[in-house]
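Chemist: Give me a model of this one.
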Amino acid sequence: MSSLQSSPLIFSSNSSYPSSKRSYINAAIQVPKLPKFRFTFPKPSPVPKTTLTTKPNKLAVEETDTNDVVLTKNDKHNETVLSTAKLYAVLEAVADRVEMHENMGEQRDNWNALFLNSINMITLTASTIAGVAAAAPGTSAVLALKLSSTLLFSAATGMLVVMNKLQPSQLVEEQRNASRLFRQIQTEIQTVLSLRSPTENDVKEAMQKVLTLDRAYPLPLIGAMLEKFPERFEPAVWWPRKRSENSNNSSNSDHIMMKEIVEVVKRKDLEDYERLGSLALKINKALAFAGPLLTGVAAVSAPFIGDGGSWGAVTAVTAGALAGAVNSFQHGGQVGMVFEMYRNCAGFFKLLEETIEEERESVDSEVFEMKVALQLGRSLSELEELAAKSAASRANGTAIDEFASKLF
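Modeler: Numbers count the residues shown, from 1 in each chain. Sure, this is the predicted structure:
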């Protein structure tokens with residue numbers, strides 16, 4: 001402890017405290033110095049350095065005499081951070097493609113409406129002019145009417161050729177499907193980022209899906225546009241093709257059930273949409289040929305209105321009216337869009353078939369079966385009932401009377 005000592009106050013004065021003199025007060029306080037204390041702490045012992053070195057099927061731990069801890073897992077962490085950054089870059093590109101395809105789809109939908117209305121108006125106007133020219137033979141205005149009708153029919157023919165080549169309604173359906181499929185890729189990437197740390201394989205797989213979808217549904221019209229009138233109907237393919245490495249000889253009941261689902265998809269759904277798609281392709285080809293042919297016949301017949309009988313007027317007016325009806329049915333009914341819809345649906349079932357063949361023996365079989373059931377618009381119990389019906393029909397040699405999908 002410390003002690004505090006103080007001396008008494010000393011008052012001194014030179015007189016008997018006169019009022020004219022100043023008084024002085026002297027005070028002194030003496031405080032002793034506090035003693036010094038020294039605190040000593042024990043020196044920490046050095047922490048051994050731990051180094052993790054990986055060998056095949058073995059993890060070796062080595063100790064050194066340094067104070068820092070060095071983990072070789074830093075490289076793995078950096079790789080994860082890099083993969084995450086790359087996957088976010090792919091996600092941004094996918095979001096941009098969704099917007100591009102949506103904007104392009106709206107533009108081409110406007111094309112379809114404008115082309116259809118313009119060509120029908122031109123065709124019907126030319127037919128009316130041809131009828132007026134036939135009703136007023138011998139007048140000075142007949143030549144002008146015949147010339148106007150011929151020019152209008154010729155313009156309608158050229159516009160129909162361009163419209164049938166582009167098939168705007170089919171282009172709209174292509175962009176609509178591309179937007180939906182890019183959204184699926186976007187959702188898959190977001191799911192990976194939210195559930196686990198992405199790897200380089202996730203980045204490569206996402207990029208491959210994006211580039212394959214770009215080729216399946218191109219944006220440009222010149223040089224890259226899909227063939228609108230192929231020789232035969234084929235399902236759309238927008239996914240990377242890969243060969244299954246799983247064995248198909250498993251006796252597990254779940255695998256057998258998925259095999260029966262594949263059989264139903266191939267024998268019913270896929271076959272039905274291929275038949276409908278082939279029919280839509282034939283109808284579209286016939287209408288695309290008939291429209292310009294009729295307007296061309298009308299354009300050739302219009303100059304002969306009133307010359308040597310009424311056959312020129314009858315041919316021009318009748319061909320013009322039929323051309324307007326054919327054009328309205330083809331592009332107003334969007335036959336090209338129907339063909340593309342069937343092509344996309346057939347591609348969906350083709351993808352489902354390949355996915356089941358590749359992943360039906362995965363470790364997450366329950367999750368996969370739930371996904372398949374939802375894609376087909378069924379519950380898990382309904383999926384099992386469908387597999388049982390398929391097995392029974394195959395055993396009896398009869399055709400199953402039910403489609404796999406309840407959505408399409």
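
Chemist: which residue ranges form the strands in the protein?
Modeler: Using DSSP state E, the strands of the chain run over 5-6, 10-12, 24-26, 29-30, 49-55, 58-64.

Chemist: Residue 171 reaches residue 108, doesn't it?
Modeler: Yes: checked against C-beta atoms under 8 Å, the pair residue 171 and residue 108 is within contact range at 4.4 Å. All C-beta spots, glycine's among them, are computed from the backbone N, C-alpha and C.

Chemist: quick one, which of those two is more surrounded?
Modeler: residue 171 (26 against 21; other C-beta atoms under 10 Å).

Chemist: if I look at that one, how far off is residue 231?
Modeler: Distance, residue 171 to residue 231, by C-beta to C-beta, to the nearest Å: 20 Å.

Chemist: go on, residue 128?
Modeler: 40 Å.

Chemist: and residue 271, what is it in contact with?
Modeler: Taking C-beta atoms under 8 Å, 6 or more residues apart in numbering, we find residue 271 in contact with no residue.

Chemist: I meant residue 230, not that one.
Modeler: Residues near residue 230 by C-beta under 8 Å, 6+ apart: residue 281.

Chemist: now swap in the one 3 residues further on and tell me
Modeler: Listed by C-beta under 8 Å, 6+ apart, the contact partners of residue 233 are 274, 277-278, 281, 342-343, 346.

Chemist: Greatest separation within these: which pair is it?
Modeler: 281 and 346 (11.7 Å; C-beta to C-beta).

Chemist: Look at these two and report which has more neighbours.
Modeler: residue 346 (25 against 22).

Chemist: gap between the nearest residue to that one once chain neighbours are set aside and residue 304?
Modeler: Excluding the flanking residues, the one nearest residue 346 by C-beta to C-beta, 6 or more residues apart in numbering is residue 235, at 3.6 Å. Noted for residue 235: a distance of 49 Å to residue 304, by C-beta to C-beta.

Chemist: and if you look at residue 186?
Modeler: From residue 186 to residue 304 the distance is 60 Å (C-beta to C-beta).

Chemist: Now tell me what touches stretch 300-319 from outside.
Modeler: 126-127, 130-131, 133-134, 137-138, 142, 145-147, 149-150, 153, 294-295, 297-298.

Chemist: roughly how far is it from the heart of the chain?
Modeler: 53 Å (C-alpha atoms, centre = their mean, to the nearest Å).

Chemist: Can I get it in PDB, CA atoms only?
Modeler: Taking Å, rounded to 0.1, in the frame of the first residue of the first chain, the C-alpha atoms of stretch 300-319 are listed here in PDB:
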ATOM      1  CA  VAL A 300     -50.800 -13.700-115.600                       C
ATOM      2  CA  SER A 301     -54.600 -13.700-116.300                       C
ATOM      3  CA  ALA A 302     -55.200 -10.000-115.400                       C
ATOM      4  CA  PRO A 303     -53.800  -8.500-118.600                       C
ATOM      5  CA  PHE A 304     -56.200 -10.600-120.700                       C
ATOM      6  CA  ILE A 305     -59.400  -9.300-119.000                       C
ATOM      7  CA  GLY A 306     -61.900  -8.400-121.700                       C
ATOM      8  CA  ASP A 307     -59.800  -9.700-124.600                       C
ATOM      9  CA  GLY A 308     -61.400 -12.700-126.400                       C
ATOM     10  CA  GLY A 309     -64.000 -13.500-123.700                       C
ATOM     11  CA  SER A 310     -64.400 -13.400-120.000                       C
ATOM     12  CA  TRP A 311     -61.900 -16.200-119.100                       C
ATOM     13  CA  GLY A 312     -59.200 -13.700-118.100                       C
ATOM     14  CA  ALA A 313     -61.500 -12.000-115.600                       C
ATOM     15  CA  VAL A 314     -62.900 -15.200-114.200                       C
ATOM     16  CA  THR A 315     -59.400 -16.700-113.700                       C
ATOM     17  CA  ALA A 316     -57.900 -13.600-112.200                       C
ATOM     18  CA  VAL A 317     -60.800 -13.000-109.700                       C
ATOM     19  CA  THR A 318     -61.100 -16.600-108.800                       C
ATOM     20  CA  ALA A 319     -57.400 -17.200-108.300                       C
END
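
Chemist: Can you give me the buried ones in it?
Modeler: By neighbour count on 16 or more other C-beta atoms under 10 Å, the buried set for stretch 300-319 is 300-302, 304-306, 312-313, 315-319.

Chemist: So among the residues you listed, where is pLDDT lowest?
Modeler: The member of those with the lowest pLDDT is residue 306, at 74.

Chemist: re the thing from before, list only buried entries from the contacts of stretch 300-319.
Modeler: Neighbour-count burial (16+ other C-beta under 10 Å) applied to the contacts of stretch 300-319 gives 126-127, 130-131, 133-134, 142, 145-146, 149-150, 153, 294-295, 297-298.

Chemist: Let's see the pLDDT reported for the nearest residue to residue 97 once chain neighbours are set aside.
Modeler: Nearest non-adjacent residue to residue 97, counting by C-beta to C-beta, 6+ apart: residue 182, 5.0 Å away. As predicted, residue 182 sits at a pLDDT of 96.
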